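> Quick check, what structure comes out for this input:
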Amino acid sequence: MKRSRVNQIMAEADEMIRRFGFILPPFAYWSPDEMRANRSAARRVIERRMGWDITDYGQGRFDTFGLFLFTLRNGKLADLQSGQGMCYAEKLLISRKDQISPMHRHMIKAEDIINRGGATLAIQLHGSNPDGSFGENVAGTVLCDGLETPFEAGEILRLKPGQSVTLMPGDWHAFWGDGGDVLIGEVSTVNDDLTDNIFCEPIGRFSDIEEDEPPLHLLVSDYESLL
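Numbering: from 1, shown residues only. Now for the predicted structure:
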């Protein structure tokens, strides 16, 4: 993905987020130089990979196979393991019309996926086989706004604005905007995008960036190489 396209997606996402009454934190708008100047003060932001995240899953087809994310807050795995401290995370996501976020599950993270506004959010669900692998014919049960909701293997759950689903580790899911773009909230246990995303197909989690212009803001995947 070209950096110019990443910059464009950032601007479009910020506009949509503001349109629905959300404002990103101040560090979201730091330039790369400002991020470097504030590196010490922002060490928790950097260490916990908070910030901009735009992925085409390494496929080079963002409009049909991708996702926008912004990690607003994130705890530490050590706190989650000890059962005390900052055991939670929060993100904003944008899933565009018919833009697939591919089938995956998590090993550790439990998450609430909330339609914060826009079109309908479509989520396709599968259970796991006993070894945790993709259960093509495995049904299951999730919570929708706290209510137990059984699903058949491959069933598509459709969430209107205000509705939510709770996904537990082992719940395989893919999602997309149905009929338009969707602003999504994610409230979860500690988030680790480096190790806790298990995809059904062998794909990457992050984009390969072609530097055709300077970055507007750094992506979380830039922190190691550009700070």
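> drop to CA atoms for contacts and neighbour counts, all remaining ones
Noted.
> number of nearby residues for residue 23?
A count of nearby residues for residue 23, using other CA atoms under 10 Å, gives 12.
> what sits against it?
residue 17 (CA atoms under 8 Å, 6 or more residues apart in numbering).
> Could you list the buried residues of the longest helix seen in the chain?
Ordering each helix of the chain by length in residues (DSSP state H) puts helix 3-19 first. For helix 3-19, the neighbour count (16 or more other CA atoms under 10 Å) marks 3-4, 6-7, 10, 13, 16-17 as buried.
> ok, now stretch 105-115?
105-106, 108-115.
> and the two most separated of those?
Pairwise distances across the buried residues of stretch 105-115 peak at 22.5 Å for 108 and 115 (criterion: CA to CA).
> Quick one: the strands in the chain, in order.
51-55, 67-74, 88-95, 101-105, 111-126, 140-144, 147-151, 156-159, 164-167, 172-189, 198-199 (DSSP state E).
> just how off-centre is the last one within its chain?
This points to strand 198-199. Put simply, strand 198-199 sits 13 Å off its chain's centre (CA atoms, centre = their mean, to the nearest Å).
> now for that strand, which elements pack on it?
strand 101-105 (3 or more CA pairs under 8 Å, 6 or more residues apart in numbering; DSSP states H and E).
> repeat for the fifth one
With contacts taken as 3+ CA pairs under 8 Å, 6+ apart, strand 111-126 sits against strand 156-159, strand 164-167, strand 172-189.
> now the angle between strand 51-55 and the longest helix of the chain, please.
120 degrees (axes from the mean of the first three to the mean of the last three CA atoms, to 10 degrees).
> which strands and helices sit next to helix 3-19?
strand 51-55.
> one step back: pipe the strands of the chain into TSV and attach mean pLDDT per row.
Converted to TSV, the strands of the chain look like this (pLDDT from 0 to 100):
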stretch	mean pLDDT
strand 51-55	97
strand 67-74	98
strand 88-95	98
strand 101-105	97
strand 111-126	98
strand 140-144	98
strand 147-151	98
strand 156-159	98
strand 164-167	98
strand 172-189	98
strand 198-199	94
